[in-house]
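> Curious how this folds, go ahead:
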Amino acid sequence: MKYIQALIVLILAPGFLWSQTIDQERMQKDLEVAEKILETVLSHSDGPVIHATRNQGITGSYIKDYGVVFNVPMNRMAFAFKIDEDMGKKGVVIVDKKTEVVRGGADVDLDEMNGSTIESAKEFLAEYGSLIHQLQPSDKIAVRSTSGQGKSSSYVWLQGNDKESSVISSFSVEVLVADLQEYERGNIESDELYERIEVTETSEDLSREPQMEVFATLLDRLYQSDLSDTYYMAKTPGYDRMTGFGATYYLKFYSSRIYDNNKYSLPTIGKKDLSEEERNKIVEEMYPSFLENLKKNIIEYGYILKNLEPDEMLVLKVELTSCRGCDMPEEIEVSVKKTFLEEYRLGKLSVEDAMATINVRDL
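Residues are numbered from 1 along each chain as shown. Predicted coordinates:
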């Protein structure tokens with residue numbers, strides 16, 4: 001009995017992470033297969049379609065405490081909205097600040113365009129979501145639109161309108177793995193599964209959310225060369241916000257400057273006239289300290305994102321400083337559920353326990 005009680009306590013403890021049992025290589029294989037399937041499903045939808053391109057960049061990620069997210073970058077999509085068979089009545093919107101509009105048709109209906117994409121995303125989740133193995137019943141699989149790399153979400157030009165629209169139209173479509181399992185076992189019909197798939201659409205003004213901006217500015221200041229003792233940032237990070245999922249920030253770090261004589265300086269620690277070999281050795285040694293500091297900063301300051309719901313995620317996609325031949329990743333993804341940040345702020349978690357809830361994944 002004592003053993004069972006101890007096991008229950010361990011499972012419920014913040015530091016006990018199911019993701020530790022995930023076979024990362026198999027998960028990556030599943031995600032890459034699913035990415036291709038999703039691209040195919042979206043590009044063959046009826047009505048308004050997405051013209052998939054080689055650089056479209058649909059990406060899937062496993063995120064601890066959430067499940068799997070497929071990001072579909074809206075700013076690189078071209079939608080074709082077909083009014084009827086008459087080619088003179090066809091409108092096109094390209095969401096990429098380089099819009100070409102075929103004149104002579106009716107106004108493009110963003111809701112109808114999004115609706116077709118959403119239906120295709122629901123089809124993907126219902127029919128192919130079970131191809132992603134190792135997920136728990138409480139996990140989710142989501143398809144979400146994203147501006148990509150933290151740019152302000154989709155600018156849309158409408159037919160006959162010479163000015164940019166002030167509307168952002170984005171979406172998230174998600175299903176609970178438990179519902180997929182019920183469907184696969186024949187316990188529910190497809191109609192009921194589709195009803196259980198949750199859809200969130202967001203249309204908002206292009207003005208930024210103040211709390212999101214504050215956190216971006218805070219990260220920028222923390223990682224200027226005069227405050228950081230490892231790597232530094234050169235500009236304020238961008239972000240994406242999706243209701244129901246959370247917030248994703250995009251950070252790019254540097255470590256050194258190079259001069260005409262091929263000598264390096266490390267401004268955060270005041271070292272100069274280093275060879276590339278000397279520079280790389282120091283940069284590689286800095287990585288564990290950088291990662292520990294990043295996790296502490298998330299715990300200490302993440303609570304200011306009060307607009308996030310407790311079950312939403314804070315995700316940092318981090319492009320690390322270049323270090324040729326070094327034993328360190330080029331990119332990492334750092335994620336934590338908002339509820340753990342709040343529990344730390346309220347004193348329910350120690351620093352150590354709170355940091356244990358943060359997941360770091362090499363990309």
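
> Flag every buried residue along the strand or helix carrying residue 355.
Following DSSP states H and E, one finds residue 355 within helix 351-356. Neighbour-count burial for helix 351-356 flags 353, 354, 355, 356 (criterion: 16 or more other Cβ atoms under 10 Å). For the C-beta atoms, the positions are set from N, CA and C on the backbone; glycine is no exception.

> Show the contacting residues for the second one.
Read that as residue 354. 14, 299, 340, 341, 343, 344 (Cβ atoms under 8 Å, 6 or more residues apart in numbering).

> And the residue nearest to the third one when sequence neighbours are not counted, how close does it get to residue 311?
In space, not counting the residues next to it along the chain, residue 340 is nearest to residue 357; the distance is 4.1 Å by Cβ to Cβ, 6 or more residues apart in numbering. In this structure, residue 357 and residue 311 are 13 Å apart, going by Cβ to Cβ, to the nearest Å.

> Just the pLDDT for the residue nearest to residue 340.
Note on residue 357: pLDDT of 94.

> That one and residue 240, how far apart?
22 Å.

> Compare these two and say which is more crowded by neighbours.
residue 240 (27 against 22; other Cβ atoms under 10 Å).

> Confirm that that one lies within a strand, as I assumed.
Yes. Under DSSP: H, G, I helix; E, B strand; the rest coil, residue 240 sits within a strand.

> ok, what's across the strand from it?
residue 248 (DSSP bridges).

> picking that back up, any common contacting residues for residue 357 and residue 311?
With Cβ under 8 Å, 6+ apart as the test, residue 357 and residue 311 both reach residue 337.

> got the residue ranges for the helices in this protein?
Here the chain has its helices, by DSSP state H, at 2-12, 24-43, 110-128, 177-184, 190-196, 210-222, 276-301, 338-345, 351-356.

> related to what we said a few turns ago, any idea how far the residue nearest to residue 340 is from residue 127?
33 Å.

> what's the spacing between residue 199 and residue 186?
Going from residue 199 to residue 186 by Cβ to Cβ gives 25 Å.

> So for the two, which sits in the more crowded spot?
Neighbours were counted for residue 199 and for residue 186 using other Cβ under 10 Å; residue 199 has more, 16 against 7.
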